[in-house]
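Undergrad: Quick one: sequence and predicted model below, then my questions.
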Amino acid sequence: MTQLAITNPATGQKIADVLADDAASVAHKAQRARAAQPAWAKVPLAERKACIARFREGVVRDLPQLAEVMTRETGKPITMSRNELNGLLPRIDFFLGMVDAVTAPEKVYDEGGMTERIEHAPLGVVANISAWNYPWFVGCNVIVPALLTGNAVLYKPSEFATLTGLEIARLLHEAGVPQDVFVPVIGAGPVGAALLEQKLDGLFFTGSYATGARIAQAVGSKLVKLQLELGGKDPAYVCDDADPKAAAESLADGAMYNTGQSCCSVERIYVHEKVHDAFLAHFVAAVKGYKAGDPMADDTYIGAITRAPQLDVLDAQVADAKKKGAMLHVGGERLKGPGNWFAATVFSNVDHTMEIMREESFGPVIGIQKVKGDDEAVRLMNDTRYGLTAGVYTHDRARAERILSQVNAGSLYWNCCDRVSPRLPWSGYGDSGIGLTLSTYGIEAFTRPRAWHLRSA
Ligand code: NAD
């Protein structure tokens, strides 16, 4: 076992040393989970639900402290940490409310002494390799339905959200989930790679395309059920009949919330030429109103950049946009440290030769492009290798639905953005991933439908 240093990205200061796993301890944990899973699957669903309900109570009870832990290790503004934890509660309620119906055995045929039944068995031992940007959301989207449906979970939080991962483990264990049924695996990429070497029945990953593709290659020959929830370059289009101020305020928040470090952040905006200038003025005004600073302060909106290397990506996108003729309205540079900081940045006069309109920024930068009409907007929205979300702002719902039905994205928004619902499936086209979480399909994903053919003698 080695030590993993946890650093506060807002100050650059080390805040903790945590014992990390190595290949031997990962293998040992996987064996323990394998041994413990059958007994967990036999625990009546009502008892597994009671454990998750107690976990929810623990989240409510400890919420202020959990928010502080998350803010200290990720640099997420404290109000947004509280929002994430509060937003987790209806997700847990959804899973608790739906799991009985989704996993109930189904008799699909019963005639002439022949009965056919579908059983929803657990997958077995599943691994969850997770991201840091919404660690409670993306972790619990997997952990909660996986445990409810009788799986054991090996959970590797991101090395940038380790303390949060350990809090999730503490609360689940306190709530009665056995230590070997929910097992945190601690460390960075190499520890994740060690996890892939274990015998797994499902692998659920949230993170970047680059890591997701590497993982898919690594486990390809093992034929493990694989889900990859990856990045996006999410577009929005503002039509000529939209209210430019309302659209600008909604989209500025969608682009800059969580300091732009959301998989479903608005990453590029197309605006009809008739409302472009008014929209741009309102958008820049909204962004100038966002206060950057101490993530622990209640009035902070722009927090730290969690991973220092992302600053180089943002620098490169800004330099590339400037070189190719984009117009900078605000920001465009790093903010003074200590810690990792980047100013909220708005460019107009952008096009698809620029990285800022093509590659995930994952930071507080946005390009706004003028378009002549709906056809051009649809063409540009689809000019991407990603496809997580897309939005349209217009008074005309039929027009929005006509446009959105032509866009390749898993989630489609009319007059809203950067929104996730527990009732709806969360998935992406292309390099945004494979598989899904949330909705009833996101419970089913952790089960194996087994076919029973029963002939009475
Ligand atoms: P990342 O790919 O750097 O890391 C994700 C996880 O993979 C971490 O736990 C990391 O330790 C682990 N890892 C790294 N190398 C590994 C390897 N070789 N084998 C196994 N595991 C390995 O991503 P990140 O920086 O944590 O997250 C940001 C990315 O996640 C963005 O692209 C964002 O869009 C995406 N994301 C997507 C969703 C979604 O729902 N689609 C949600 C949140 C974040």
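TA: Happy to help now that I have it. Numbers count the residues shown, from 1 in each chain.
Undergrad: In the stretch 251-400 of the chain, which residue sits closest to the ligand?
TA: Distance from the ligand to each residue of the stretch 251-400 of the chain (Cβ to the nearest ligand atom) is smallest for Cys263, at 3.2 Å. From N, CA and C alone the C-beta is placed, and that goes for glycine too.
Undergrad: residues touching that residue, list them.
TA: Neighbour list for Cys263: Ala131, Asn133, Thr206, Glu229, Leu230, Gly231, Gly232, Leu388, Ser432 [criterion: Cβ atoms under 8 Å, 6 or more residues apart in numbering].
Undergrad: Show me which residues of the chain are close to the ligand?
TA: Applying Cβ under 6 Å from any ligand atom, we find that the chain lies next to the ligand at 129-134, 138, 156, 158-159, 188-189, 192-193, 196, 206-208, 211, 214-215, 229-232, 263, 307, 360, 362, 388, 426, 428, 433.
Undergrad: Filter those down to just the ones in helices.
TA: Among these, the members falling in helices are Val138, Gly189, Gly192, Ala193, Leu196, Thr211, Arg214, Ile215 (criterion: DSSP state H).
Undergrad: Pull the contacting residues for the first one.
TA: By that I understand Val138. With contacts taken as Cβ under 8 Å, 6+ apart, Val138 has the following neighbours: Ser130, Ala131, Thr206, Glu229.
Undergrad: Would you confirm that the second one contacts Ser158?
TA: Yes - Ala131 lies in contact with Ser158 (Cβ atoms under 8 Å); the separation is 5.5 Å.
Undergrad: What's the PyMOL syntax to select whichever of the contacts of Val138 are buried?
TA: In PyMOL syntax, the buried subset of the contacts of Val138 is picked out as below (16 or more other Cβ atoms under 10 Å):
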select buried, resi 130+131+206+229
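Undergrad: In JSON lines, list the contacts of Val138 along with distance to Asn340.
TA: Formatted as JSON lines, the entries for the contacts of Val138 read as follows, by distance: Cβ to Cβ, whole Å:
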{"residue": "Ser130", "distance to Asn340": "21"}
{"residue": "Ala131", "distance to Asn340": "17"}
{"residue": "Thr206", "distance to Asn340": "21"}
{"residue": "Glu229", "distance to Asn340": "24"}
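Undergrad: Domain-wise, how is the protein divided?
TA: 2-230+432-455, 234-422 (automatic domain parsing).
Undergrad: Show me the shaky parts of the chain.
TA: Low-confidence regions of the chain, defined here as pLDDT under 70, do not occur.
Undergrad: So which elements touch the helix or strand encompassing Gly58?
TA: Element membership of Gly58 [criterion: DSSP states H and E] is helix 45-74. Secondary structure elements in contact with helix 45-74, counted by 3 or more Cβ pairs under 8 Å, 6 or more residues apart in numbering; DSSP states H and E, are helix 78-103, helix 135-148, helix 162-174.
Undergrad: following the longest one, which helix or strand comes up?
TA: Using DSSP H and E, the helix or strand that directly follows helix 78-103 along the chain is strand 106-111.
Undergrad: Check which helices and strands that following strand sits against.
TA: Strand 106-111 sits against strand 114-122, with contacts defined as 3+ Cβ pairs under 8 Å, 6+ apart.
Undergrad: Can you report how many residues lie near the residue nearest to Gly367 when sequence neighbours are not counted?
TA: Leaving aside its sequence neighbours, Gly367 sits nearest to Val350 (Cβ to Cβ, 6 or more residues apart in numbering; 3.7 Å). The local packing count at Val350 equals 22, with neighbours defined by other Cβ atoms under 10 Å.
Undergrad: Hmm, Ile356 and Val350 touching each other?
TA: Yes - Val350 sits in contact with Ile356 when judged by Cβ under 8 Å, with a separation of 6.1 Å.
Undergrad: For the residue lying closest to Ala344 once chain neighbours are set aside, give me its contacts.
TA: Once flanking residues are discounted, Ala344 sits nearest to Pro364: 4.3 Å by Cβ to Cβ, 6+ apart. Listed by Cβ under 8 Å, 6+ apart, the contact partners of Pro364 are Ala255, Met256, Thr259, Gly260, Ile302, Gly331, Phe342, Ala343, Ala344, Thr345.
Undergrad: Secondary structure and neighbour count for those - can I get that in TSV?
TA: Compiled in TSV, the contacts of Pro364 are given as follows (DSSP: H, G, I helix; E, B strand; the rest coil; neighbours: other Cβ atoms under 10 Å):
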residue	secondary structure	neighbour count
Ala255	helix	30
Met256	helix	25
Thr259	helix	30
Gly260	helix	25
Ile302	strand	25
Gly331	coil	23
Phe342	strand	26
Ala343	coil	20
Ala344	coil	27
Thr345	strand	26
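Undergrad: can you give me the strands in the stretch 251-400 of the chain?
TA: Assignment of strands within the stretch 251-400 of the chain using DSSP state E, counting those that start in this stretch yields the ranges 266-272, 327-330, 345-348, 365-371, 389-393.
Undergrad: for these, which one sits closest to Leu147?
TA: Shortest separation from Leu147 across these is recorded for strand 389-393, at 27.7 Å, computed as Cβ to Cβ.
Undergrad: Who does the closest one pair with, and is each partner parallel or antiparallel?
TA: If you go by DSSP bridges, strand 389-393 pairs up with strand 234-238 (parallel), strand 411-414 (parallel).
Undergrad: Return the distance of the residue at minimal distance from the centre of the chain relative to Tyr413.
TA: The residue at the geometric middle of the chain, judged as the C-alpha nearest the mean C-alpha position with Cα atoms, centre = their mean, is Val138 (4.8 Å). Between Val138 and Tyr413 the distance, using Cβ to Cβ, to the nearest Å, works out to 20 Å.
Undergrad: And Asn382, by the same measure?
TA: Distance check for Asn382 against Tyr413: by Cβ to Cβ, it reads 16 Å.
Undergrad: burial measure for the residue lying closest to Met80 once chain neighbours are set aside, as a count.
TA: What sits nearest to Met80 in space, not counting adjacent residues and going by Cβ to Cβ, 6+ apart, is Asn258, at 5.7 Å. Asn258 is surrounded by 24 other residues when neighbours are defined as other Cβ under 10 Å.
Undergrad: cool, and Leu63?
TA: Here the number of neighbours of Leu63 (other Cβ under 10 Å) works out to 16.
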